[in-house]
Each structure stands twice: as structure tokens, then as C-alpha cells.
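Visitor: model this:
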Amino acid sequence: MRPPSPEVVRPVVAVLLLGLALTHLELLSEGFRHAHYLGVQMITGALLESAAAVAVIADDRTWIWGFALAEGALNALGYLLSRAFGLPLTAAGVAGDWLHTGALALGFLGLTVTGLASWVLLGRHLHTRRGPVTSARDRALLPVSPPKRPEE
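Guide: Just a heads-up that it's a prediction; the model follows:
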């Protein structure tokens, strides 16, 4: 299993992360209306997702993809748990409201980012563990070894 091409997947994941950030900002007033901690969570989520989008565009390191994976998975998990059990410390009845537009967007975007980041990480893991290097793209995925110093 080869990892997806970085020229394609990095901008796609960055746009999806920005979509998550914008969805959190769109839900900001609703979050503060339910409970203040939800509003603060929306602001924090938007900032973290914006930082993840910039990081995905700026670099292609494994830890950045792990961060994107965590962002997507936590958003999807938050959607599922809030719709299954409701919100803690609030009287808002959101449990069972599976088709709320903003929450549904968070769940969908979170699952999509999770899937793409998982594909990148799993593909890298499997691809670098076997087989010869056959192309420049394959060489770009290999870890850089330190330069050899000539013997004196």
C-alpha cells in the first residue's frame, strides 16, 4: 500500500482542517449559549485546527500527520458522543439530534481527516518497511541519513 501523493493529500487535508476550524467558529455563539466551556472549546478547536492546517502545508513530517489524525478522530468522537449521550454539565438536549447541520459537519470532516491521515501514516509505515527504492518519490519518503565524513 503506497501512501497518497503529498502534492494532492496535503492541500486536501489542509482545506478539510480549515473547514473544521470554520465550523467551530460558526458554532461559537451556540456553544456559548449552551455553556461557557463549550464556547471556549470551540475557540480552542478552531485555533488548533488552523495550526494543523498550516503545519500540514508547511511540512510533511510524521508527527504532523499524527496531529492531524488526532484532530480528526477527536472531532468525530466528539460528534458521536455528544449525539449519543448529550453534553456534560448542560441542560441542552442535543442527544439524539443526529442531523444538526454544524455537528454533522464536524463529524463528517473529522472522519474524512482521520481517514486521509491514517492512509498517509499507514502507507508510510508499510511502504518503508519493505521493497527496494524504485523512484524519486520513494527516495523522498525515506529518512535522511547523516552525511558521511571523510576519514582524516
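
Visitor: where does residue 145 land in three-state SS?
Guide: Following DSSP: H, G, I helix; E, B strand; the rest coil, residue 145 is assigned to coil.

Visitor: how many neighbours does it have?
Guide: Neighbour count of residue 145, defined by other CB atoms under 10 Å: 6. Yep, even glycine has a C-beta here, placed from its N, CA and C like the rest.

Visitor: pLDDT score assigned to it?
Guide: If you check residue 145, the pLDDT there is 70.

Visitor: Check residue 112 too.
Guide: 97.

Visitor: so how far is residue 16 from it?
Guide: Between residue 112 and residue 16 the computed distance is 6 Å (CB to CB, to the nearest Å).

Visitor: Could you do residue 80 as well?
Guide: 18 Å.

Visitor: Repeat that for residue 126.
Guide: Residue 126 is 23 Å from residue 16, by CB to CB.

Visitor: How about residue 105?
Guide: 11 Å.

Visitor: Give the residue from those two that has the larger number of neighbours.
Guide: Neighbours per residue (other CB under 10 Å) separate residue 105 from residue 16, with residue 16 holding more: 24 against 19.

Visitor: I figured that one hits residue 116, correct?
Guide: Yes - counting by CB atoms under 8 Å, residue 16 touches residue 116, with 7.4 Å between them.

Visitor: what residues are shared contacts of those two?
Guide: residue 72 (CB atoms under 8 Å, 6 or more residues apart in numbering).

Visitor: just for this structure, where's the confidence low?
Guide: Scanning the chain for pLDDT under 70 picks out the ranges 1, 92, 128-144, 151-152.

Visitor: for it, longest helix please?
Guide: Counting residues, the longest helix in the chain under DSSP state H turns out to be helix 101-128.

Visitor: I am finished for the moment; much appreciated.
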